[in-house]
Structures are given as C-alpha cells and as structure tokens.
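Asks: Prediction below, plus the sequence it came from.
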4 protein chains.
Amino acid sequence: MSFHPGRKVNVGVLGATGTVGQRFIQLLDNHPFFVVKTLGASPRSAGKPYSEAAARSWKMASPVPAHVASLIVQNCQPEHFKDCEIIFSGLDSDVAGEIELAFFKAEFCVFSNAKNHRMDPIVPLVVPLVNPDHLDIIPHQRQTHGLQKGFLVTNANCSTTGLVPPLKALIDRFGPISRVVVTTMQAISGAGYPGVPSLDILGNVVPHISGEEEKMEIEASKILGSLNAGSSGFVDAEGLRVSASCNRVPVLDGHTESVFLEFKNQPAPSPEQVAEALSSFVSVPQTLKVPSAPAQAIVVTEKPDRPQPRLDIMEGGGNAVTVGRIRKCNIFDIKFTVLSHNTILGAAGSSIMNAEVAVAKGYVA
Amino acid sequence: MSFHPGRKVNVGVLGATGTVGQRFIQLLDNHPFFVVKTLGASPRSAGKPYSEAAARSWKMASPVPAHVASLIVQNCQPEHFKDCEIIFSGLDSDVAGEIELAFFKAEFCVFSNAKNHRMDPIVPLVVPLVNPDHLDIIPHQRQTHGLQKGFLVTNANCSTTGLVPPLKALIDRFGPISRVVVTTMQAISGAGYPGVPSLDILGNVVPHISGEEEKMEIEASKILGSLNAGSSGFVDAEGLRVSASCNRVPVLDGHTESVFLEFKNQPAPSPEQVAEALSSFVSVPQTLKVPSAPAQAIVVTEKPDRPQPRLDIMEGGGNAVTVGRIRKCNIFDIKFTVLSHNTILGAAGSSIMNAEVAVAKGYVA
Amino acid sequence: MSFHPGRKVNVGVLGATGTVGQRFIQLLDNHPFFVVKTLGASPRSAGKPYSEAAARSWKMASPVPAHVASLIVQNCQPEHFKDCEIIFSGLDSDVAGEIELAFFKAEFCVFSNAKNHRMDPIVPLVVPLVNPDHLDIIPHQRQTHGLQKGFLVTNANCSTTGLVPPLKALIDRFGPISRVVVTTMQAISGAGYPGVPSLDILGNVVPHISGEEEKMEIEASKILGSLNAGSSGFVDAEGLRVSASCNRVPVLDGHTESVFLEFKNQPAPSPEQVAEALSSFVSVPQTLKVPSAPAQAIVVTEKPDRPQPRLDIMEGGGNAVTVGRIRKCNIFDIKFTVLSHNTILGAAGSSIMNAEVAVAKGYVA
Amino acid sequence: MSFHPGRKVNVGVLGATGTVGQRFIQLLDNHPFFVVKTLGASPRSAGKPYSEAAARSWKMASPVPAHVASLIVQNCQPEHFKDCEIIFSGLDSDVAGEIELAFFKAEFCVFSNAKNHRMDPIVPLVVPLVNPDHLDIIPHQRQTHGLQKGFLVTNANCSTTGLVPPLKALIDRFGPISRVVVTTMQAISGAGYPGVPSLDILGNVVPHISGEEEKMEIEASKILGSLNAGSSGFVDAEGLRVSASCNRVPVLDGHTESVFLEFKNQPAPSPEQVAEALSSFVSVPQTLKVPSAPAQAIVVTEKPDRPQPRLDIMEGGGNAVTVGRIRKCNIFDIKFTVLSHNTILGAAGSSIMNAEVAVAKGYVA
C-alpha cells in the first residue's frame, strides 16, 4: 500500500509555459498528494489564462488538463502564491536564482530544476532514486536562514540524473568508483522550446551542449557524497572522477549514455554481478512507497541492442533508468549503456518525487 | 602537380550493387588513373545491365554514370574480369573471404573492404592517411603465395578508419598513446541497404552494432603498428589499448566519435599542442600527390559545436577527417570529437586511395 | 455506463509477431471483453514462446504483456485455435486470403486487416466509426456459406480509415459528396517491420506506396455505401469519386491527409458548418458504449497548425480522428487536414472495435 | 557554347547572413558573370567581417568562400554598394519592401526573393524556367520611375516556383489548364534559420505554413500570364484556378508537391503525352545558354517511387525540377509529383538565373 499524507497539498509551478513547466503540469494532473493551484511565468504571459499563454508552446502529446487551462498565469512573485505550500520551479537559470530565493525566504518549500543553487553548500542536490537522505539538511537550512517552514531543494542536470542511479547501486554493493568516462547522446527536449533549430539537428549530431559536461563532472560527486555528521553540509563522494563528452542527437525524449567505469576495489565485479546489483537496487522512494516511485528503480535489459529511447524511456512511468549492454571494459572494469527520460526523471519527475519524499519525511509541515 | 602513372588501369568492382559498390562507382567516375571495366555481383544480378540490376538499390544522390549503366553485371569469378588489373571489393563478409582469395590467387591486385582477411598476418590493413607503408609487405605476400602480380590489401572498418588518423598524428609527435576510450555515433549508411529498418532508428539511438566494438579494439593496434625489419610481418602498436562503445544514430552519412585518450609520455601535450600536431600532419598520399589525397588530412575546427556530420563530412572530398572540441580530460589527458565519412574515407575512398598509392609505389605492374 | 457482454470471449491473433499483430496484443491487454488465448504466426515462429518468437521484432513502447509472453506460438491452422471464438488477423495479404477463409469456414468470427476479402460482395468492409451497420450482412453471409456461428469481417486500409469518418459525418448532414482529392503523408509503421529501410526515408519523402491509392479510391465507396434492402449486399455511395496521391514521410505513427472536397448539394456548407457537423457526429460504437469507442469520434481542432501526428494521434486512445484547418477551397467547396492513428484506428483498433460492436449486436454467439 | 557578357559584373547581396543570402554566396562563388563585391545585413552584423557575422548561422555544407569571408558586412543602404550594379536580395519581407525600393530608385538592378513587390503591376514576377520574357517590362518600369539603369525583378515563392514549370510546359503544348489542386511537403530550409524548432518537426508533419497557400494560389496566375501588348503590364493566365494545401515535413532541402490538374481542352492528353511534353520543354535560359540554365529544365523520371528530395534535388545543379508518377486522375485529367530545390531554384538560384537572363538580354547596361 502506498503512502498518503492524509491531505492534499497546494502547489505552484514557476516557468509554467516552458518545457519543464509543461511536464510538471502533465505529471501533476490527478496527483494523489498535490493540487496545482497557481502558475507563474514571465510578465509576457502573466494575466492570461494558461490555455492562452501556452497555446503555441504546449508540446505535450496530451492536452492541457482542464482545471489548469483556466488558471490565470501570475508573475513569479511570492505574493501571488499565498495559497500554495510547495513551489515547483521550471525556471530558466537566467532568472531562477533570485526568484527561487525569494520564494524560499517567503517560507515556501521550493523544488528547483535550475542550476543556480545546486552547488550551494547547504542546498541539497537530490536525485530521488539516489540521495533523498540529503533532504535531512533541511532543518539546518531553515536554521541558517531563520525560517520555519521554507526550504530549497534542487534536482540535478538531466544527463547527471541518468548516470548516478547505477553508480549509486554499484557503490553501495562494491565500494567506491574511482573513474567514470561517459559520452551522452541527448534528446532535443532537453533544450526546451523553441530550443534546437531543426536545421541544426535533423539527420545530424551536434557534439556540444553548453555547460553540460562541467555539470556532469561536478554534480555527480555531490549527489553520490553524503551528509556530514551534523547534517549541516555535504561530503563529496570519495575519489570519484568523471569525464564527460556531451552530444545532441535527433531524438525527442531520452538521454542515452555510454558509460565506462573503474572500481577502487579490485578485483572488480563481473558483468553478471553488476547486473545483479543494479536489478536488486531499491531506492528510498520505493521504500517509502511514494506515488512516483518506480516499481523497479534500475531496469536491467539483457537484449543486445537495448536500451533505446523510443522503446524504453517510459519504464517506471519515466522515473526509472534502464541499463543494458553490461560488459567488460578492456581499459577500466565495466562498460554499459544507461537511458533515462530527460524531462521526467531528468527534470519535473525528480522534483515531484523529491517533494513526495519530503512530504513522507514530514518536511512539508 | 599531382602524380600520374602515365596510363589508365582497368578495374573491376565486386559487390557492385551494394552500398559500398555504388560508392566505388561514383568515386571512380572520371578517375584520372582508373577505368571501371567490369562489375561483379550476386548471381541474382548477373547477366543484367547495371542500370537494371541496381535500379531499386541505387541510393547515391548523383545518377549512375552513363558508361557504367550499360555494363552487364558478371558473377564474381576471376574469369569474367580478365581485362582488369585491379579489383575493388565491396562484398559482404559472408562471401568476401573466398571470392577475394580467388581473385588474389588469380593474380589480381585486390583491395577489400571486408573484415575477412584484415587480421591475416601477411595481409596489410591500410588506412591510407595512416599506414600506406604497410603496402611494402606486398613482395613478401607474393613470394609466400607464389604470385607475380597479384596482392591483397584490406582497408579498415569505417569507425576504426575515422579514429586512427588523429592517433597517428599524435603518436608521431608525442610518442605512444596508451589508452583510448571511444564512443561512436554511426550513420545508417554504414549498414548498407536495406540495412537499418526505419522503425528502429527514426528518432532513436540503437546502442549496438554487431562486432563493431571488437573491430575497433583490434584493428587500431595493427594499423598503428609497423612493418617488421624484413617487411614480412606486422608489429602491433606498443602498449595501445582501445575500449569502444558503438551506437547507431539517425544520420545519413558520417561517423562521429567522442574520444578520450592518454599518452604514455608525461607531461602530456596541451590541447593547443594537440591541435597544432593534428593540423600540421601530412599523410603519405599527400606527399605522393595521388588524386584522392585530401589537401589537409586532418582538419581541425575551432568552432565550439563542430564537427557535425551534416556540415563537415565532405572535407577533403570525404577523404579527410575533422577534429574539434579538443580539450583537457580530467581522467586521461585529452578528449576530442572526430568525424569521418563512413562510405568514402571509411570504405570505398580508402580502397581507391590505397590503390592510388600502390600504383604510385610501383606495385601495380 | 459501458456495455458488457456478461462473459469473457477467448480470441486468437494471427500474424502475431508482425506490426499489426503486436498492436492487437497491446490493445487487447486487460480488455474488458476479450482474452488472448492463442497466437498464430509463420512456421518459423511456431513452437516457440511468444516472447522468444517476437524477441527482435517487438517494437511497441510497452513490454509484451506477461500472460502473452509465455504463450506458445501456433501455426495458423484452425485446429490450434479450438478454444477461441474470435480470430483477429494481422496476416500479410500474401497469405491472408486462404488462411482467413479457412478459419471462417471453420466457424470462427474472423476480423481481418488484409485487403484480400475487402471487396467480396458479401464481406463487410467496416470502419467502426462509419458503417458498423454493414455487419448486418452476417446472417446472409452465414446462410450463403452454410455456417452457424462463423463470419468474416474486414476493416479498411489505414489511409482510407482516416478519410472516411469526416466524409460520413458530412454526408449525414449535408448530403452526398461528389468529389474528393486527397494527398496522404503516411507513417512508416504502416509498412510493418522491417518495412521501410531508413536509407529511403530518413530526411526524405517517398511519393509512392504500392497499391495504396487504388485502395483509397475503391474502398471509400463501399464503406460510405449502404446495405441493400435484403441485407444481402452493398450499394456503393452515390456519385462519390476519390482521387488520391500517397506519400511516405519520416513519421513513426499517424497518417496525415490533405483533403479537398465538393458537395453535390449547393450551396455547400461553410467551414463553420462543416466544423460543427464534424464535432457533433456520434458514431455507432459511442451509442453502443463499447469499450474502444472514443468519447468524441471526430475531434475538431481550431489551432492553425494542427493536427500533427506527434501531438494528436492518441486522441480517443488512438481510435478518434482529428480534423483541422477547415477552410474554403477555391476549386471545390472545402479543404481540411485529417489525422488518424494508422495502427490503432487504422488497423488493430478498428478490428477490435468492430468485434466489440459485433458482440454488442449479438453476432458473437 | 555558353553566353558570356564579355565582362564581370559586380554584385551585392542583401540579407547576406540569412539562409537565402548564404545560398547566394555559395552559388555566386566562381560565377562566370558575377563577382560578389559587397554584403549587406542587419545593423547587428554590420561592421564585422562576414566570417564573423555568419559564424554561427552559416549552415551550408561547403565553407564560406575565402574572398567573401573577409568582406566587411555593410548596412543595407545604397551608398555602401556604389561599386555594384546588381543587388541580390535575400531580405526578410518585414524589411525587404522599403530597402529594395531604395536600391531600385538608386539605379541598381535589384533581384528580390521577398514577397513585398511580387504583385506590383509593373514589377515582373519571374521564374526563370517559365517567364523570363516578363523582364521586357523593364523599359516601362524605368520610364515610370524615371530611371536610367535601375529595375526591380522578383522571383516567386519557393513552392510556387516548383509548380509552374510543368504547368508552363503543358500549357504551351496542350492549351490552358483550368484547375490545379496541389498539396506540398516542404523542407525545413524554406523557413530559414533558426526557423522551425526541432521539437515541432522531428518525426512530425506540420500542416500549415503561414501565407504559403495564398501565395501559391495568386502567384501562379501572374507567372503563367503574359505581358500585355505594350509591355506595360501583365495579363493573368486565362481561367487558371489553384487550390493549395501546404505542409512542413522533416526534410532538409527540397519541396515535394502532389499535383492534380485539369485541362480546358478535352480530350486531355494522356500521361505519355504529358511526359513527352515535359521532357521536351526547353526554357529561355537554355536557349540563351546562360550559365545557370539546367541541361534539362524538367527531368521526367519513370521510376515508380521518384522524385525524392534526398536523391533528386540536385538535378540541373538544383535549377531543374523533377516530375514523376505521371498518371491519370479519376477526377481531373492528370496527376503527378514534382520536386524542386527550394533554396536554389526556389530562391537564390532563380534570382541568379534571372540576372543572367537580364544580362543576356542587355538590361544590365
């Protein structure tokens, strides 16, 4: 039986007309805990019904949920969100920094997709399948900022999010991973709308995504690290180094990553042992039975040509990752391919699952 | 002024209706050295004019050259190719082994694209921008088989072919490379026709190409190795290890590869030194001034989002490679992206350039 | 409240490993009326568990339903389907003719997607949103063939299926349509697997689909026609002429059709009247409340750039059609764009909805 | 032997950084008549070397020609173009109207791709394969505006340009065409850069291109019409009506059009007669032997699945059209598919060929 908080929590969505904002609205439709009460977007959209503000940009394959269509879009200021407790932010990083801080300081529980606060030493960077225990810095965060109810939680960059669940499962079982070389093949939806011009990507590969490699190389260590003894800060994963090469490919949704990795402890596990460790990994959201938790956090496929974005991204409702082609590497120890849904687990889905865990842990008063 | 042998050489093309065979026919049209005299294909095509045999499968964007269109397709038996000296083979590996051997033993100069004989200890595996000096095993090869004029030369797998030119340039300048991790994003034309079903690849990534990773890992060492003292065998490149992950992406032509590499000698060169070494590399075909030699063997681009298959594959007429995004790797020393045309330099173009070099070196009597 | 027959009916699927067969299996998973009991495919697959027989060809984005995965595939002979009453056939037309006839004569209720029997004068050709009343020829069909329970019902070619619902709605409201010019842009899934080679369709348009235009031009008249007075034959739609041009485009699922049409009765309706007639059309499956009936048979969109296959094909669970861009034509009366899901409404979905209607009408004993 | 004016003419390109401007620069490289002397673009680009101004937007598969790369981009004002005689304009319609007029009045010979002046009663709308005789309004145009050397010539919308050559050939042979129904499948390059977002078009069809249908319906009549007796105005094609439905498809270059047409004179020609009339059509640029004239203006293909954009757009260097699938229509008389290159014949190539004809006719003093 799944966990339920016993009441519905009102939520607001910032950046509601953007690609991540749309995904929030889609995933929150009929959510067992949360009710979308208020939408925020840029001044250009403010004052219009959402159905009108998002008329041209709505790119989900399902229509705008009826009760959301009629909401009047607000400016992204805390005073317009008074009946909300939780704020989901899909804001772009050029504006997210200050706006999210304002909501946090106004005692909202803020879940952010932007990069701005991810590396802040008292802001948790949480991939829900990996490190929801980092939420336990919330009391310290509130104390530091003199808050009663508010907090600020970030989730990771989409390509990092796909990578860390298998690393976590393997570290838990076999000890530290020392080196990870990863090449990504990332979907166009990761760039938002209008995002990638079709003249750039149709029948093409673009071997560069601005800032993406740096994020992957830095974020993984924080996520795979631990809370310190006093729950007042984070300790980076021991000895982990990541080197990434990021590419855009003509795929709609789903980031595929070729991963090569080396364990600290030798002899390293065999491919079979790796497969078993990944399959049997149980994440915290599964244990807490929150609604977005996938039945299986890491789906291992034996098929020789999988995972594939077109066929496998919706595993676990888009909140699982799929790992395939687990084999020996003749330079490091193991190589495999991992696939994740970049706008569900890699963005809005992570925020929502993080919020569910926060509710289950009692952090949403 | 470019080299010219002083006469035209008649050539035959095996596997003429396939994707590589078509590229041979296109590239050999109006070739300064070579004249296509005879075409070979499967018994199903034999006896028909080429225009009819290839009516449905011709997928080049230029039409069948007129003088080739009317040639009657032959079975792939040496007796039908008596007026040819050189045989270019685009045969599939399931039949290439025996047929190419038969032509070789019948005193033809055979240039093969198939994998069958690549690892034979007295058959050179030649990427023309890298190791045409390996052709100097030809006298030993003839002696071993009791031949006067015939020889058998192979060129490499298409994804290997793109990788080795920058490795060669860097080894020449900075000494041995010890480790190479490479992830490929390969074009559909590499699988021939009908090849990859559209339902598999449209808007998708397929993280597997059968046998491809093994080829990359093995072939590079032979190509980057050297002829032994007596020109009677090959010595593998010293201490080189390659680990590959191969992916198919929805791109028509052009293999893109994310490369991470480590030098034996430390301190390793900087990205700027690497760029300079690649740019200034001069290949043997350039020195010999053969017609297919690109003006620049390795084109280095400074643009942050290049090379891209759609924009850069025709560098050097499809016979150059383009390297971009040269940067420090925080695990190994250097990472970069390399692009090559998989059916020109990666297949038919290599065979033709190898044949040009063989002519220039006097091996085609 | 939806109709329910009060019992579950066992069904078999022929051509179970093909694209249409896979869609049958997906759509029949947890179906309120039907239980998949037996699967038939070619002798190559027979004897294997379905999960193995379809291991490489399964291209649905959801996994094989568990209870189907373990079924042993049978040869397509009636003796292997004894515990089934209904047979859904996704067989290719090269074998469908005789096999479907054998099942029909063996007293099965056969629903066929193949073209073979569509134009048979006593076989109904039924698009469930349009002419399920044609099922009333079943008693005559049984009598003719001396059968008690068996019958044979076909559904239409996928591009015809998308076209006829709006024509039906308009004929019902405004009288006969005299001329229809239609150009299709059809998805690759319509060609099955392996189907269209990616080298043919990636970034391309193929302006030809064998036999497709002829099917559209002939089938529409039968579907939009009526049963004769004695329910023993069909009368073609009065004065309807269709001219089609069919194209394959690089779209996964969903046929888009540009339609130009002329009414017999003048003055013709305005675009607004057409929109209203389409929106308010209610199909028989809706009236009968069978499970696959879409809430709205014809969804009319006002957005200027819709319908689009990526965004709109799942309207009504893939069993509705979407019409947009309704405007005046300066040659005929009206032009619009219609979109339908080619493997749901256009294939397996039609068969299933036809079977539901047949059950509701009491034809499945 | 081809015509040559005996001297080189200096030309300027307006909108030089846009998609059409880039194509001008590519096609004018090494042109036998014309030398690109000056480039104009928006104030944002002005003052920069072209290589820098177009650094991110250059999307041609060949590099920027060397002598153009170093030209300093100018504002689009006549005083910066004093050493040019001819102005090729690839300006967007939001600014083209006034700027082109200013150049015209400053005595430049202006060739425009924008829609602004196309329907002006004394501005010729010229598709070079169809109606270059309309250039003979130039003396009247000069007289009206009191000019000595300047004139203003427009070329047609890209989708119109592909349609009218076969119509012209058929009208010449068989008399007036009364009705044309046409559905287009248009390439993304027609929308410029950044143009169509990839999220809109990858694996999709967008059934709307703003203003396109109206242009096709209006422009064809002017182009296929004639100069009046006094060469002072145009007479629309007699009785021609066109109805269009325009769609965007995921194709890089090349507009494919399904055409259905009816002749005034009955009995109408057979498909064979139509094919013969199209094949034997000779356009004015061919007669004048100007450099861009294709060897064959209308290439007729017998292959059942052609023309295809990927394989056929470069016929005649991109300045021919290809017609295939000529067959009877069971509503009108004939249907066929026509393909043209939307940024060569459909834009920059038309302007250049028009300019070549104008030079050959002596209109460029």
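Replies: Here it is on my side, so go on. Just so you know, these numbers come straight off a predicted model, no measurement behind them.

Asks: and chain A, which of its residues are near chain D?
Replies: Contact residues (CB under 8 Å from any CB of the partner chain) of chain A with chain D: A:19, A:59, A:188-189, A:193-203, A:250, A:252. Backbone N, C-alpha and C define where each C-beta goes, glycine included.

Asks: The same query, at a cut-off of 10 Å, please.
Replies: Residues of chain A that fall close to chain D, judged by CB under 10 Å from any CB of the partner chain: A:19, A:56-57, A:59, A:187-189, A:191-204, A:248, A:250-253, A:310.

Asks: and chain A, which of its residues are near chain C?
Replies: Applying CB under 10 Å from any CB, one finds that chain A approaches chain C through A:55-56, A:58-63, A:202-204, A:250, A:252, A:299, A:303-305, A:308-315.

Asks: make it 6 Å
Replies: Listed as neighbours of chain C in chain A under the rule CB under 6 Å from any CB of the partner chain: A:61, A:203, A:311.

Asks: Quick check on A:Gln22: phi, psi?
Replies: Backbone torsions for A:Gln22, taken as degrees, to the nearest 10, come to phi -60, psi -40.

Asks: Let me know the pLDDT of it.
Replies: A:Gln22 carries a pLDDT value of 96.

Asks: thinking again about what came up before, intersect the residues of chain A next to chain C with the contacts of chain B.
Replies: Near chain B, by the rule CB under 6 Å from any CB, you find A:Gly203 out of those.

Asks: Which of the residues of chain A next to chain C sits closest to chain C?
Replies: Nearest to chain C, judged by CB to the nearest CB, of these is A:Gly203 at 4.5 Å.

Asks: how about the closest one, secondary structure?
Replies: coil (DSSP: H, G, I helix; E, B strand; the rest coil).

Asks: B:Leu252 is in contact with that one, correct?
Replies: Yes. Using CB atoms under 6 Å, A:Gly203 makes contact with B:Leu252 at a distance of 5.5 Å.

Asks: where along the stretch 1-150 of chain A do the helices fall?
Replies: A:19-28, A:50-53, A:66-69, A:93-105, A:138-145 (DSSP state H, counting those that start in this stretch).

Asks: tally of neighbours for A:Ala358?
Replies: Using other CB atoms under 10 Å in any protein chain shown, A:Ala358 has 23 other residues around it.

Asks: So it lies in a strand, does it not?
Replies: No. Under the criterion used here (three-state DSSP), A:Ala358 is helix, not part of a strand.

Asks: A:Arg327 sits in which helix or strand?
Replies: A:Arg327 belongs to strand A:321-328 when assigned by DSSP states H and E.

Asks: can you check A:Ala275 too?
Replies: Assessed by DSSP H and E, A:Ala275 sits inside helix A:271-279.

Asks: circling back: list buried members of the residues of chain A next to chain C by neighbour count.
Replies: Among the residues of chain A next to chain C, those classed as buried by 16 or more other CB atoms under 10 Å in any protein chain shown are A:203, A:311.

Asks: Among the residues of chain A next to chain C, which has the minimum pLDDT value?
Replies: A:Ala61 (86).

Asks: Helix or strand: which one has the most far-flung residue of chain A relative to its centre?
Replies: Distance from the C-alpha centroid of chain A peaks at A:Pro267, with 32.8 Å (CA atoms, centre = their mean). Using DSSP H and E, A:Pro267 sits within no helix or strand.

Asks: Phi and psi next, for it.
Replies: phi -70, psi 150.

Asks: A:Val284 too?
Replies: Torsion angles, degrees, to the nearest 10, at A:Val284: phi -60, psi -40.

Asks: quick one: buried residues of the longest helix anywhere in chain A?
Replies: The residue-count maximum for a helix in chain A (DSSP state H) belongs to helix A:158-174. By 16+ other CB under 10 Å, the buried positions in helix A:158-174 come out as A:158-171, A:174.

Asks: Next, the angle from it to helix A:271-279.
Replies: Here helix A:158-174 points in a direction 110 degrees away from that of helix A:271-279 (axes from the mean of the first three to the mean of the last three CA atoms, to 10 degrees).

Asks: So what touches the strand holding A:Arg327?
Replies: A:162, A:165-166, A:271, A:274-275, A:278, A:298-301, A:306-307, A:312, A:315, A:335-340, B:207 (CB atoms under 6 Å, 6 or more residues apart in numbering or on different chains).

Asks: if you set the cut-off to 7 Å instead, what comes out?
Replies: A:162, A:165-166, A:271, A:274-275, A:278, A:298-301, A:303, A:306-307, A:312, A:315, A:334-340, A:345, B:207-208 (CB atoms under 7 Å, 6 or more residues apart in numbering or on different chains).

Asks: buried residues in that strand?
Replies: Neighbour count says strand A:321-328 has A:321-326 buried, by 16+ other CB under 10 Å.

Asks: and which of those is nearest chain D?
Replies: A:Thr322 (20.8 Å).

Asks: What separation is there between the closest one and A:Val282?
Replies: Separation of A:Thr322 from A:Val282 (CB to CB, to the nearest Å) stands at 17 Å.

Asks: Mean neighbour count and distance to D:Ile25 for the helices of the stretch 1-150 of chain A - can I get that in CSV?
Replies: Listed next are the helices of the stretch 1-150 of chain A as CSV, based on neighbours: other CB atoms under 10 Å in any protein chain shown; distance: least, CB to CB, whole Å:
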stretch, mean neighbour count, distance to D:Ile25
helix A:19-28, 25, 35
helix A:50-53, 20, 40
helix A:66-69, 14, 47
helix A:93-105, 18, 34
helix A:138-145, 16, 57
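
Asks: wait, which of those is closest to C:Asp133?
Replies: Proximity to C:Asp133 (CB to CB) singles out helix A:66-69 among the helices of the stretch 1-150 of chain A, at 34.0 Å.

Asks: what's that closest one packed up against?
Replies: Judged by 3 or more CB pairs under 7 Å, 6 or more residues apart in numbering or on different chains; DSSP states H and E, the packing partners of helix A:66-69 are helix A:50-53.

Asks: mind giving me the domain split of chain A?
Replies: For chain A, the structural domains run A:9-157+A:347-360, A:158-341, going by automatic domain parsing.

Asks: between the buried residues of helix A:158-174, which is nearest D:Val123?
Replies: The closest of those, once distances to D:Val123 are taken by CB to CB, is A:Cys158, at 51.7 Å.

Asks: quick one, what contacts the closest one?
Replies: A:190, A:255, A:342, A:346-347.

Asks: Then A:Pro197?
Replies: Contacts of A:Pro197 (CB under 7 Å, 6+ apart): D:193-195, D:197-198.

Asks: For it, list each beta-bridge partner.
Replies: On the basis of DSSP bridges, A:Pro197 is bridged to D:Pro197.

Asks: State the distance from it to chain C.
Replies: 15 Å (CB to the nearest CB, to the nearest Å).

Asks: same check, this time on A:Gln77
Replies: 31 Å.

Asks: Now that residue: closest residue in space, sequence neighbours ignored.
Replies: Nearest non-adjacent residue to A:Gln77, counting by CB to CB, 6 or more residues apart in numbering or on different chains: A:Ala102, 7.3 Å away.

Asks: Quick check: that neighbour touching A:Pro78?
Replies: Yes. Shown here, A:Ala102 and A:Pro78 form a contact pair, counting by CB atoms under 7 Å, at 5.8 Å.

Asks: Quick one, grab the pLDDT at A:Met1.
Replies: 60.

Asks: near chain B, which residues of the stretch 51-200 of chain A?
Replies: A:179, A:181, A:183, A:185 (CB under 7 Å from any CB of the partner chain).

Asks: now the helix or strand hosting the last one: how far from the chain's centre is it?
Replies: Looking back up the chat, that one is A:Met185. Taking DSSP H and E as the criterion, A:Met185 maps to strand A:177-186. With CA atoms, centre = their mean, to the nearest Å as the basis, strand A:177-186 stands 18 Å off its chain's centre.

Asks: Same question for stretch A:25-45.
Replies: The answer for stretch A:25-45 is 17 Å, by CA atoms, centre = their mean.

Asks: rewinding a little: just the closest of the contacts of A:Cys158 to chain B, please.
Replies: Nearest to chain B among the contacts of A:Cys158: A:His255, at 9.5 Å, using CB to the nearest CB.
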